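> this one's structure only:
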């Protein structure tokens, strides 16, 4: 765990871009369980949050705190970008995990899309079952070592 940016008070996991993670993310892209772009991701999470709040109010239940989304970011963003990522994480900390991949955005794009000319700085794993798959890919890679 390291700070997301120089003045950050949050410690986030920094992970390598392992082949198992790349394979998992490629599969999720094919199943349309990945969202790209931080502004798009913020909008998706805000809409989900409104829906969850309405459902909780209707059913009279308290919010559950469990990770059902993962925000994966590259290591070549600006400080402004990382501050925006931190803001996204804080707004959605009840269900969002942030993983900082030790790879630049063009390498992340190459691993997921197969092309490096459309850099990926931020992707959201937008399905709770897919979240399990991503986490399992990280664990499985460590077990194989």
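Received the coordinates, thanks. Computed from a predicted model, the values in this text were never measured in an experiment.
> Leaving out chain neighbours, which residue sits closest to residue 5?
residue 82 (3.8 Å; CB to CB, 6 or more residues apart in numbering). The way it works is simple: take the backbone N, C-alpha and C, and place the C-beta from them, glycine included.
> hang on, the one you found is in a helix, isn't it?
Yes - remark: residue 82 belongs to a helix, assigned using DSSP: H, G, I helix; E, B strand; the rest coil.
> ok, residue 137 to residue 26 distance?
For residue 137, the distance to residue 26 equals 11 Å [CB to CB, to the nearest Å].
> rewinding a little: now for the residue nearest to residue 5: which residues touch it?
Contact analysis of residue 82 by CB atoms under 8 Å, 6 or more residues apart in numbering lists 4, 5, 8, 73.
> Residue 137 and residue 26: who's more crowded?
residue 137 (18 against 15; other CB atoms under 10 Å).
> quick one, what contacts the more buried one?
Here residue 137 is in contact with 18, 20, 21, 23, 24 (CB under 8 Å, 6+ apart).
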